[in-house]
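J.: below: sequence and its predicted model.
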Amino acid sequence: MNNYKLDQTDLGILNLLQEDGLMTYKELAYQLNKTVSPIAERVSRLKELGYIKKTVAVVDLDKIRAVFVAFPHVQLTSHSEEVLKDFQAELTKCPEVMECYHLTGHYDFMLKIIMPDMVSYNTFLREKLDKMPYIATVQSFLVLSAAKQETAYRL
């Protein structure tokens, strides 16, 4: 565990880079009213300490191809540590699983799955999820449209 404490400059850097990961050190320095050298050092430190996991391009899939988005809720037959770890490990192998959340309540997990179409999603359910021995039930929630999608968290 690191003892590094984020200050307002660090938070400013993180906020700006979430909006535009290609901002130069010069642009960051200007926005934060700092000089370039300390900004470059801070960005490097934030990366080393894991505050910045990676820099990616957010692609508009609708411009490339049609997509089918589902949020299946999964209930497991057991809540043992072994089953939880095994389930999560299996899901990390599935490229169509974009997000996986361990939940409280009636369902144990909520997934975000992106597929080309309903037929592909049905195949995923039958060939991957249904073959896991510790899944009791799956209830799928299918996306009709998205009113808002964000990737940046205001810090």
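T.: The structure has been received and is ready for your questions.

J.: rest of the way, CA atoms for contacts and neighbours
T.: OK.

J.: could you dump the worst-scoring helix or strand of the chain on mean pLDDT to CSV, C-alpha only?
T.: None of the helices or strands of the chain scores lower by mean pLDDT, DSSP states H and E than helix 61-64, at a mean of 86. Output of helix 61-64 as CSV, limited to C-alpha atoms (Å, rounded to 0.1, in the frame of the first residue of the first chain):
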residue,chain,number,x,y,z
LEU,A,61,-19.0,1.2,-32.0
ASP,A,62,-22.3,2.4,-33.6
LYS,A,63,-20.2,4.0,-36.4
ILE,A,64,-18.3,0.8,-37.0
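
J.: what residues does the next helix or strand after it touch?
T.: Later in the chain than helix 61-64, the nearest helix or strand by DSSP states H and E is strand 68-70. Strand 68-70 is contacted by residues 111-118, 121, 140-143 when judged by Cα atoms under 8 Å, 6 or more residues apart in numbering.

J.: and which of those residues is nearest residue 29?
T.: Using Cα to Cα, residue 112 is the member of those that lies nearest residue 29, at 36.5 Å.

J.: my guess is that closest one meets residue 94, correct?
T.: No: look at residue 112 against residue 94 with Cα atoms under 8 Å: they stay out of range, at 11.4 Å.

J.: quick one on the thing from earlier: which of the contacts of strand 68-70 count as buried?
T.: The neighbour count (16 or more other Cα atoms under 10 Å) marks 111-115, 121 as buried among those.

J.: which residue is nearest the middle of the chain?
T.: For the chain, the residue nearest the mean C-alpha position is residue 99 (5.3 Å; Cα atoms, centre = their mean).

J.: which residues does it bridge with?
T.: Applying DSSP bridges to residue 99 gives these bridge partners: residue 112.

J.: quick one: it and residue 93 touch, right?
T.: No: in this structure residue 99 lies outside contact range of residue 93 using Cα under 8 Å: 12.0 Å.

J.: now the least confident helix or strand of the chain: how far from the chain's centre is it?
T.: 19 Å (Cα atoms, centre = their mean, to the nearest Å).

J.: what's next to it, contact-wise?
T.: For helix 61-64, the external contacting residues (Cα under 8 Å, 6+ apart) are residue 67.

J.: wasn't residue 75 part of a helix?
T.: No: counting by DSSP: H, G, I helix; E, B strand; the rest coil, residue 75 is not found in a helix; it is strand.
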